[in-house]
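A.B. asks: okay, sequence plus prediction incoming.
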Amino acid sequence: MVYPSVRNNCTYIVKTFLVYNPPVAAPFHFEHSIAFEPGHAPEILRAIPAFPGVFALRAPRIPLSDLAQPEAQPYLTRAADLRRRISRILAPPEPSTDGKPAQSKRLNLRDRVATIEYTVTGSEFESTLTLYHAATSIFGLVEARRRLRLHTPFFLRFTAENAYPRVYSTNRLSKRALSNTYGPFPSRAAADRYCDAVLDLFKLRRCYEDLAPAPDHPGCVYGEMGKCLAPCNQAHTAVGAEAYSAEAAKVKRFFDTRGESMIVDIGLEREEASTAMEFERAAQLHAQWHKVKAAQALADELVQAIPKLRAVIVQKTASITPTKPGAPGLASETWVDATESEANPTAAVFLLHSGCIVGPASLSTLGVRAVKEQTSVGSSLFAQPLMLQAIPLADETQSSASPIEPTPVESPEVRASTLIAALEGKASAPTDLATLSDHLSLLRRWYYRPEKQRTGEVFFPNINGEWPIRRILRGAARMALGEPAPMAETQRDLAQRNPEDAAQKPTRTKVLHEGRPDVERVVHVIDPPPPPPTFTSRRKSQPRQ
């Protein structure tokens, strides 16, 4: 009796390992690795840049003689300042008054770390994605999902494979129904609100049972209210089945176009009714148009079918350049952010393809100059990036009779299109639903933040499927150079047309907002021109006889 139970337990353990701990798709490697010694801690920590990034502190390797001892797991996390965070963890313990180390709750790994590995990132979005890749490579998918608290977002699933399709919210992905799954939504409540609003526009069933249509089926309250075609007791006929299939096709088209198909159809019918002088029907169609618009507003632009989910995410770049060489074997002691250099400003570009995130890739904004200063006039033309293209001049040594043709220079549009095409070549359809779920969870966590808290910009393809290259370049220029800053206020009242007239007519001054130190200022006031002479009637001025 003991042997079968042991055999069953072993089988269960093997199955659990294969199902819930799948292998990692791609390994991850940190960009920099430094050996740590407590005696040379100041020099080593000074070599780490003070930039955002992800780091791992690893313990010494276990010798071959002690293989029975379990290997210590590395300390993995992200930080807004790598040098400050690592120095805090590896700092020597504070001594107490009696000379012994003081009792402190602060984490200290100074005597347990042998290697420091880190990767510099340019934004919080890149830090989170890098931390996920590093965690999956070190701990596995299950432990990485637990550490980052990743949960599958909620979607709307359209059961097209069913004889009588329906729509419901779920947080489970299926390869068979991936093309009919729409999302992600910020929460289950948001998915249910959008689902209810869409079903109010159509007569699709809301029951979750496997229907067996029969004339004696009791039906439900939605059928009594006329909000359902009642396939449970009417679709057993050919006419009822065809009507329900046509209604399901309309719902599928509504989800695929995010309501634009219904908006266009109702708009055309409303115009025809207005032309035919059927104003009551036009008013009903107009009310229905507003109802469709309200339902459409409940779903963000990100809500699409997962295989068709494509976007370009632009973030700040993570490129850093050393300015002073450090000690041999160590990194540089001084680092400068390359984004602040106007010689070749760059931005980091990520591609969302079929629900998975690919990147980053560095996009050079050379030739796209974002004006940093905006005049007090407030015209939007001063704040828009300018497209510049350098054309090399002809060699002066050559004769003018045979001028050299200017060499074509790669334009910013071609550069951006080539980079996006390269990212699309690296992307592929997701084969692992666990990885797809994690990428969508990371995307949902970043995208559905308030706009003031969400760093970076996202761009979706146009209706024809092409990328808005100009908008992407402008977004990359804003990430690389920052938003345009307002110029200092110019006092145009001081400018005089004729200096001699200005000397003869001194200007007066006036204090605005007197007593308020932040806004108080003195301005020059020019006397207004004298009013034109008024016309007086001679008849009214003469007394009556």
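C.D. replies: Received, thanks.

A.B. asks: pLDDT-wise, which helix or strand of the chain ranks last?
C.D. replies: helix 2-20 (a mean of 35; mean pLDDT, DSSP states H and E).

A.B. asks: okay, now the sheet partners of the helix or strand just after that one, with direction.
C.D. replies: Elements were assigned by DSSP states H and E; along the chain past helix 2-20, the next helix or strand is strand 32-35. Note on strand 32-35: by DSSP bridges, its sheet partners are strand 115-120 (antiparallel).

A.B. asks: not counting its own residues, what contacts the strand it pairs with?
C.D. replies: Residues outside strand 115-120 that contact it (Cβ atoms under 8 Å, 6 or more residues apart in numbering): 30-36, 44, 48-49, 51-58, 82, 86, 130, 134, 318, 320. Glycine gets a C-beta too; all of them are placed from N, C-alpha and C.

A.B. asks: check which element follows it along the chain.
C.D. replies: helix 124-139.

A.B. asks: list the buried residues of stretch 145-160.
C.D. replies: For stretch 145-160, a neighbour-count test (16 or more other Cβ atoms under 10 Å) marks 145, 147-148, 150, 152-158 as buried.

A.B. asks: using PDB, write down the CA coordinates of stretch 194-207.
C.D. replies: Taking Å, rounded to 0.1, in the frame of the first residue of the first chain, the C-alpha atoms of stretch 194-207 are listed here in PDB:
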ATOM      1  CA  TYR A 194     -18.400  48.300 -21.800                       C
ATOM      2  CA  CYS A 195     -19.900  44.800 -22.300                       C
ATOM      3  CA  ASP A 196     -23.300  46.000 -20.900                       C
ATOM      4  CA  ALA A 197     -23.200  49.200 -22.900                       C
ATOM      5  CA  VAL A 198     -22.600  47.200 -26.200                       C
ATOM      6  CA  LEU A 199     -25.200  44.600 -25.400                       C
ATOM      7  CA  ASP A 200     -27.800  47.300 -24.900                       C
ATOM      8  CA  LEU A 201     -27.300  48.300 -28.500                       C
ATOM      9  CA  PHE A 202     -27.900  44.700 -29.800                       C
ATOM     10  CA  LYS A 203     -30.200  41.800 -29.100                       C
ATOM     11  CA  LEU A 204     -27.600  39.200 -28.200                       C
ATOM     12  CA  ARG A 205     -28.100  36.700 -25.400                       C
ATOM     13  CA  ARG A 206     -26.600  37.200 -22.000                       C
ATOM     14  CA  CYS A 207     -27.100  33.800 -20.500                       C
END
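
A.B. asks: quick one: buried residues of it?
C.D. replies: For stretch 194-207, the neighbour count (16+ other Cβ under 10 Å) marks 194-195, 197-199, 201-205 as buried.

A.B. asks: looking at these, which are in helices?
C.D. replies: 194-195, 197-199 (DSSP state H).

A.B. asks: which of the residues you listed sits closest to S245?
C.D. replies: L199 (16.7 Å; Cβ to Cβ).

A.B. asks: ok, the closest one - contacts?
C.D. replies: Applying Cβ under 8 Å, 6+ apart, we find L199 in contact with 167, 206, 227.

A.B. asks: mind listing which of those are in strands?
C.D. replies: When DSSP state E is applied, the contacts of L199 are split such that V167 fall in strands.

A.B. asks: just the contacts of L199: which has the poorest pLDDT?
C.D. replies: Among the contacts of L199, K227 carries the lowest pLDDT, at 82.

A.B. asks: any idea how far H217 is from F28?
C.D. replies: 56 Å (Cβ to Cβ, to the nearest Å).

A.B. asks: poorly predicted segments of the stretch 1-150 of the chain, please.
C.D. replies: 1-26, 62-70, 95-104 (pLDDT under 70).

A.B. asks: try it again with 90
C.D. replies: The stretch 1-150 of the chain contains residues with pLDDT under 90 at 1-34, 36-51, 58-75, 80-81, 83, 86-116, 122-123, 137-144.

A.B. asks: list just the nearest of the buried residues of stretch 145-160 to G475.
C.D. replies: Distance to G475 across the buried residues of stretch 145-160 (Cβ to Cβ) is lowest for P153, with 24.7 Å.

A.B. asks: now do the strands in the stretch 351-500 of the chain.
C.D. replies: 356-364, 368-369, 373-374, 386-387, 457-459, 485-486 (DSSP state E, counting those that start in this stretch).

A.B. asks: weakest of these by average pLDDT?
C.D. replies: Per-stretch mean pLDDT for the strands of the stretch 351-500 of the chain is lowest at strand 373-374 (a mean of 42).

A.B. asks: which of the buried residues of stretch 145-160 lies closest to C232?
C.D. replies: Nearest member of the buried residues of stretch 145-160 to C232, counting by Cβ to Cβ, is F158, at 19.2 Å.

A.B. asks: list the beta-bridge partners for that closest one.
C.D. replies: F158 forms beta bridges with V167, as assigned by DSSP bridges.

A.B. asks: I'd guessed it sits against F255; true?
C.D. replies: Yes. In this structure, F158 is within contact of F255 by Cβ atoms under 8 Å, at 6.2 Å.
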